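**Student:** Need the 3D shape of this:
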Amino acid sequence: MAEALAFDLYGTLVDPIAISADLARALGLSDGGEVARQWRLKQLEYSFRLTVMDRYQDFRYVTERALAFALASAGLSLPSRQLSQLADRYDQLPPFPDAEPALRSLTDLGYQLAVLSNGAPSMIQNCLASSGLDAYFAQRISADEIRAFKPSALLYRHAAQRLARPVQQIRLVSSNAFDSAGASAAGLRTAWVNRSGGPFDTIGSPPEITVPSLSHLPAALSG
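**Tutor:** Next up, the predicted model:
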């Protein structure tokens, strides 16, 4: 039986930094890139903190609060309604150009594909639909199901239960090094999509497979 591939969503299949253009328009900036990057970093930090503190809030809440921080860091603010509307743009992040061709190839090769994401169920559903990737994923696994975010081992083990496979038959595909390290610690196989060309984290097991883009993943798995 071919291993199941569990794909991270944000940063692996769809591009969170592409929201820069929306930020620039909403805030009257020439470039929203720095706010987008601060937003993404704080989003991850808040998810880590809430899991460790056992104070779970869903990822839509985390996303909105992280945006509020990113704006405050830039000396900016928005009324709460506009803030929520802008945070909802996470439901419409564009796919990376390599995502759909790679998913098509992997499906043709017989792999079972799933999404394993911190996103709330509605966020995952909306993002996959708007990106055109929803047809490839019958299984969509959300951190909301166990109220703990990546890289908690609980979430990776929950994915194995949902997919009805031992952890050793599941490979996480992610562009986030912390995600790859967390999956490896929980016993999953890993494939790291190193889009930035940077070094892997200096804690945790290195990924079993490293590719510069999803385009290279089918060949790497076959090899």
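**Student:** What is the helix or strand hosting residue 173 packed up against?
**Tutor:** Here residue 173 sits within strand 170-174, counting by DSSP states H and E. Other elements packing on strand 170-174 under the criterion 3 or more CB pairs under 8 Å, 6 or more residues apart in numbering; DSSP states H and E are strand 4-7, helix 153-163, helix 177-185, strand 189-193. Using the backbone N, CA and C atoms, a C-beta is placed for each residue, glycine as well.
**Student:** helices or strands up against the longest one?
**Tutor:** To tie it back to what came earlier, the one meant is helix 153-163. Here helix 153-163 touches strand 4-7, strand 112-117, strand 139-142, strand 170-174, helix 177-185, going by 3+ CB pairs under 8 Å, 6+ apart.
**Student:** in the chain, what spans have low per-residue confidence?
**Tutor:** Across the chain, the ranges flagged by pLDDT under 70 are 1.
**Student:** Map the structural domains onto the sequence of it.
**Tutor:** Listed by automatic domain parsing, the domain ranges of the chain are 4-14+93-222, 16-91.
**Student:** Longest helix in the protein, by number of residues?
**Tutor:** In the chain, ranked by residue count with DSSP state H as the criterion, the top helix is helix 33-53.
**Student:** picking that back up, TSV for the helices and strands packed on helix 153-163, including distance to residue 191 and mean neighbour count?
**Tutor:** Listed next are the helices and strands packed on helix 153-163 as TSV, based on distance: least, CB to CB, whole Å; neighbours: other CB atoms under 10 Å:
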stretch	distance to residue 191	mean neighbour count
strand 4-7	8	24
strand 112-117	13	24
strand 139-142	17	19
strand 170-174	5	26
helix 177-185	8	22
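**Student:** With respect to residue 51, which of these lies nearest?
**Tutor:** Nearest of the helices and strands packed on helix 153-163 to residue 51, taken as CB to CB: helix 177-185 at 10.8 Å.
**Student:** packing partners for the closest one?
**Tutor:** Counting by 3+ CB pairs under 8 Å, 6+ apart, helix 177-185 packs on helix 153-163, strand 170-174, strand 189-193.
**Student:** Run through who's touching it.
**Tutor:** Residues from elsewhere that reach helix 177-185 (CB atoms under 8 Å, 6 or more residues apart in numbering): 6, 8, 44, 150-153, 156, 172, 174, 189-192, 200-201, 203-205, 207-208.
**Student:** and if we set it to 7 Å?
**Tutor:** If you take CB atoms under 7 Å, 6 or more residues apart in numbering as the criterion, helix 177-185 is touched by 8, 150-151, 153, 156, 172, 174, 190, 192, 200-201, 203-205, 207.
**Student:** Present the helices and strands packed on helix 153-163 as TSV; the columns should include distance to residue 39.
**Tutor:** Shown next, in TSV, are these (distance: least, CB to CB, whole Å):
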stretch	distance to residue 39
strand 4-7	22
strand 112-117	17
strand 139-142	20
strand 170-174	19
helix 177-185	17
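**Student:** what's the closest of the ones you listed to residue 33?
**Tutor:** Closest approach to residue 33 among these (CB to CB): helix 177-185, 21.0 Å.
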